[in-house]
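In: Using only what follows, build the 3D model:
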Amino acid sequence: TLNEEWEELLELIWKLHTEGMTNKEISNYLNTNGYKPRRTEKFSSNGVWGILKKYRIRKQKKEELDIRFENVGFYKRVPK
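Out: All right, here's what the predicted structure looks like:
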């Protein structure tokens with residue numbers, strides 16, 4: 001799980017993306033409004049792209065639940 005602050009930032013980035021902003025526009029918005037990335041000094045368009053890619057995958061995993069049982073059975077072991 002992610003901490004609350006980072007989760008809120010991801011949701012903001014996703015919202016800006018779905019509203020039609022480019023990665024460059026999103027990075028400029030975040031840098032201008034004082035948001036800080038985890039490992040670098042400021043957000044870049046490539047960094048925003050990576051964040052969006054990972055967030056999209058995370059959202060898909062939350063929405064999908066695939067449980068499969070295969071070859072389930074009980075076998076009697078025959079002593080030799």
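
In: longest helix anywhere in this protein?
Out: helix 45-63 (DSSP state H).

In: Output that one as CSV, nothing but the C-alphas.
Out: The C-alpha trace of helix 45-63 is given here as CSV (Å, rounded to 0.1, in the frame of the first residue of the first chain):
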residue,chain,number,x,y,z
SER,A,45,7.5,14.9,-18.3
ASN,A,46,9.2,11.4,-18.4
GLY,A,47,8.7,11.0,-14.6
VAL,A,48,5.0,11.9,-15.0
TRP,A,49,4.8,9.3,-17.8
GLY,A,50,6.3,6.6,-15.6
ILE,A,51,4.0,7.5,-12.7
LEU,A,52,0.9,7.3,-15.0
LYS,A,53,2.0,4.0,-16.4
LYS,A,54,2.5,2.4,-13.0
TYR,A,55,-0.7,4.0,-11.7
ARG,A,56,-2.7,2.6,-14.6
ILE,A,57,-1.3,-0.9,-13.9
ARG,A,58,-2.2,-0.5,-10.2
LYS,A,59,-5.7,0.5,-11.0
GLN,A,60,-6.2,-2.5,-13.4
LYS,A,61,-5.0,-4.9,-10.7
LYS,A,62,-7.4,-3.4,-8.2
GLU,A,63,-10.3,-3.8,-10.6
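
In: Next, the buried residues of that helix.
Out: Neighbour counts using 16 or more other C-beta atoms under 10 Å place Gly47, Val48, Trp49, Ile51, Leu52, Tyr55 of helix 45-63 among the buried residues. Where C-beta positions appear, they are placed from N, C-alpha and C, glycine not excepted.

In: I'd like the distance from that helix to the chain centre, please.
Out: 4 Å (C-alpha atoms, centre = their mean, to the nearest Å).

In: which strands and helices sit next to that helix?
Out: helix 4-18, helix 23-32 (3 or more C-beta pairs under 8 Å, 6 or more residues apart in numbering; DSSP states H and E).
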